[in-house]
Structure formats: C-alpha cells, structure tokens
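[1] generate a structure from the sequence data that follows.
(one chain, ligands or ions: 1)
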Amino acid sequence: MTAPQVVLLDALGTLLELEDPVGGLRRELADRGAPVEASAARAALLREMAYYRAHCDQAADLPALEDLRDRCAEVLRAALPGRAGELPSGEVRAALLAALRFTPFPEVADVLSALRAAGSRLVIVSNWDVSLHGVLQETGLAALVDGVLTSAECGVAKPDPAIFHLALERAGGGASAAALHVGDDPRTDVAGALAAGIAAVLVDRRGEHAAPAPGVRVVRTLEGLLPAAR
Ligand SMILES: [Mg+2]
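    Numbers count the residues shown, from 1 in each chain. From the prediction side, this is the model:
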C-alpha cells in the first residue's frame, strides 16, 4: 500500500500528552509559600481547564493569548483554597504555566519521520490556541511536519469539515480522497474527517473506545500507521 499523499494529525492525545499538572502546580505554589492538598489542586485545575476549553478559540494571536492566560489564572486562583487563593494573579499565572507540560508520545518523532520519508505531507489540525506553535517548537515536532492549523487561528474548529478543507489546502491542495486524518477523538477527529470526505484513523491508546464507523481503522499507537504494520 502506498503512503497517503496527505496525513492530517490531531495534536493532544495523538502526538502530545499533557503531563499531570497537579504535582507541578503544588510544587510551584509551595515555592510561593502557599501549599495546597492534591485534591484541592486537582479540583481547581479542572475548573481552569473547563474555562480554557470554552474560551481557547479566542486566543488567535499573542495579545489575545496573554489575555486568556490572565483570565485562566484568575479562574484558578479563585478556585484555590487558603493562602493560594490570596496570591497575586501574576504569581498564580506563573505557577500554572510552569505546571503545564506537554510531551510527545514515545513513538511520534520516528513515525512522523518515516511517513515523510515515504512521501506523505503532514499537517497538524488541532483545536488549540496560538500557543500550539510554541509547544511544537519546544518538543521538536514543528520541524517534522509541513504545516500546523489551530482552531483559534482558523476561526473554525473540528469537527467542522471546513478546518479539514483548510488543512488540505495547507498541504498543497491534495484531494480529500488521497488524505487520511489521524486523531484520538471519535467525534471531533473521526466524525469530522468523515464529514469532510477524508478517511479517518482512530488512535485509541488505552483501548477505551467502542468500534468506530465501518472502514475506520483503529491503532493503539502511531506505529500502526506505518506500512509495515498494515
Ligand atoms: Mg486529541
């Protein structure tokens, strides 16, 4: 089987993992004289993450990202107990940003390199704010792909087929029939790609999903995308 002309890739859960931020946040707050219990840190982070998810598409440029981060820090601060809840927002913001760390899954760099070597053009399509570009630089993944689209910059998010069509354009105008989208979310990735006429692969790293639509391949890691694995 020849390599797909274009491979579109989701970011979080597909290429990148968010390290559990609870420990990091507790360390950062303790360093600022405001220790909190793990359960309280987790509860506050869940509030902050819910706020972030609801508003991340507003962060389409760096000033908007700064503003969103200020607001996220304020949501977090308001949800933290005791002295942590009384820290200046700037301190809470610094603690939060230091606690959020993204790491590529172990096989990702090798698989992206192999797909490119086989002739595929790779474009990341992610529901993320403009800061994804920095994350991809820091993790070394930016150099391994041909393009990156974020929902915040596009003004449209998965599962809307429009963002998949924009990604095909970014890949050089490949036909949807010659493309593949790879992602870990059955709704935003698989259903979204299928609605755009693009074949989908579901990355199910923990084996937790029910069988997807007929014709949708399921892989446990990105190694399942390599020709030898077919
Ligand atoms: Mg994902």
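[2] going forward, measure contacts between C-alpha atoms and count neighbours the same way
    Fine.
[3] let me know the pLDDT of M1.
    Note for M1: predicted pLDDT of 53.
[4] equivalent analysis for A228, please.
    pLDDT, A228: 62.
[5] and if you look at E28?
    pLDDT at E28 comes out at 97.
[6] use 4 as the first number from now on
    All right, first residue 4 from here; so that's E31.
[7] mind listing what's buried in the strand or helix carrying it?
    Taking DSSP states H and E as the criterion, the element that holds E31 is helix 24-34. Neighbour-count burial for helix 24-34 flags 24-25, 27-32 (criterion: 16 or more other Cα atoms under 10 Å).
[8] over to stretch 190-207?
    Going by 16+ other Cα under 10 Å, stretch 190-207 has these buried residues: 191-197, 199-207.
[9] ok, is that stretch in contact with the ion or not?
    No: for stretch 190-207, no contact with the ion is found by Cα under 5 Å from the ion; the gap never falls below 7.6 Å.
[10] residues in contact with that stretch?
    13, 17, 161-165, 167-168, 179-189, 215, 219-225 (Cα atoms under 8 Å, 6 or more residues apart in numbering).
[11] those also near the ion: which ones?
    Restricting those to those near the ion - Cα under 5 Å from the ion - leaves D187.
[12] inside strands: which ones of the contacts of stretch 190-207?
    Counted as lying in strands by DSSP state E, out of these, are 182-186, 220-222.
[13] name the nearest of these relative to the ion.
    Distance to the ion, by Cα to the ion, is smallest for G186 among the ones in strands among the contacts of stretch 190-207, at 5.8 Å.
[14] the closest one reaches L19, doesn't it?
    No: using Cα atoms under 8 Å, G186 makes no contact with L19, being 11.2 Å away.
[15] buried residues in stretch 49-59?
    50-52, 54-55, 59.
[16] what is the nearest of these to P84?
    R50 (13.2 Å; Cα to Cα).
[17] contacts for stretch 217-233, please.
    By Cα under 8 Å, 6+ apart, stretch 217-233 touches 4-6, 17, 110-111, 114, 117-118, 193, 202-210, 215.
[18] show me what counts as buried in that stretch.
    220-222, 224-228.
[19] domain ranges for this structure, per the record?
    The record's domain split for the chain, according to automatic domain parsing, is 9-20+106-232, 23-103.
[20] more neighbours: G186 and L19, which one.
    G186 (28 against 20; other Cα atoms under 10 Å).
[21] show the contacting residues for the more buried one.
    12-14, 16-17, 192-193, 203-206.
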